[in-house]
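S.K.: Below are the sequence and a predicted model; questions follow.
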Amino acid sequence: MISYGLFMGGVFLFAIFVGFIIQLVMNRLNTTPSGPMLPEGFQGPALGVSTLACGQESAEATAIVNLFEMKKSTTEEGDPDLKELVQILSKLCCMKHDLMSINKSVSSMIHVPYVNTHDRENPADTVARCFTKSVPERDLNITFETWNTRAQHLIDRLCTSYNLTSQESDRVKNSFSALHMDVFSIAKGECLESKEMIKLGSPRDPKPFLTADVKELGPYTGYY
């Protein structure tokens, strides 16, 4: 009886040891990260970085939003102006996100609304035309100039509404200018057709088109 009990005890301990080894091996094979599973894209994290849409694309944009969120407007127009400025910042950030993405799809800009006070066309359509290289340079310039002009006007009003100091006002204006130039530079490289592409492309490829009367016009300096 004693030898049989020892034998059964040894078998039981051996079974526990084998189970421990199997569990250890399975844990090493499981590479799924722990915690809540959130959808992530290839171009930066999708959630949890900023309250600004596509805010992970620009430290300047998030700095602007964070500065105003720390203060309180002293005028009735302050909150609506800030909401529109955030929309412009989101469009610049989301445009950069889509243009720099690996899959080349309108995945971020499609969720940004059209606003007739600062948009020349649906923002998602602009990015879609960039991928087909069918945006005339004149149209691209007007789109970015409209965003810039409206944003600078809003910033001037917001600096007064939120009682920003001169240093803070300069910081906001410089941050926006840096963001605008960054995205505009990317857009010119991704949206406009190069001379090399024109030589190698097919006649059936989509291309920007301007009528004869528009080609003779200079830079547009009037009201948009």
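M.R.: Sure thing, it's come through.
S.K.: all strands of the chain, in order?
M.R.: With strands called from DSSP state E, the chain shows none.
S.K.: That one: helices as residue ranges?
M.R.: For the chain, the helices defined by DSSP state H cover 2-29, 59-69, 78-99, 123-131, 137-161, 166-191, 195-200, 212-215.
S.K.: Check those helices for me: which has the lowest mean pLDDT.
M.R.: Of all the helices of the chain, the minimum mean pLDDT falls on helix 195-200 (a mean of 53).
S.K.: Now do the contacts for the residue lying closest to residue 169 once chain neighbours are set aside.
M.R.: Sequence neighbours aside, residue 159 is the residue nearest to residue 169 in space, at 4.3 Å (criterion: CB to CB, 6 or more residues apart in numbering). Every C-beta, even on glycine, is put in place using the N, C-alpha and C of the backbone. Listed by CB atoms under 8 Å, 6 or more residues apart in numbering, the contact partners of residue 159 are 168-169, 172.
S.K.: roughly how far apart are the nearest residue to residue 53 once chain neighbours are set aside and residue 105?
M.R.: Distance criterion CB to CB, 6+ apart; nearest residue to residue 53, sequence neighbours excluded, is residue 90 at 4.0 Å. Here residue 90 is placed at a distance of 18 Å from residue 105 (CB to CB, to the nearest Å).
S.K.: Tell me which of these two has more neighbours.
M.R.: Taking neighbours as other CB atoms under 10 Å, residue 90 and residue 105 compare with residue 90 leading, 23 against 14.
S.K.: which ones are touching residue 55?
M.R.: Residues near residue 55 by CB under 8 Å, 6+ apart: 49, 61-62, 65, 90, 93.
S.K.: Farthest pair within the residues you listed?
M.R.: Farthest pair in those (CB to CB) is 49 and 90. Separation: 13.1 Å.
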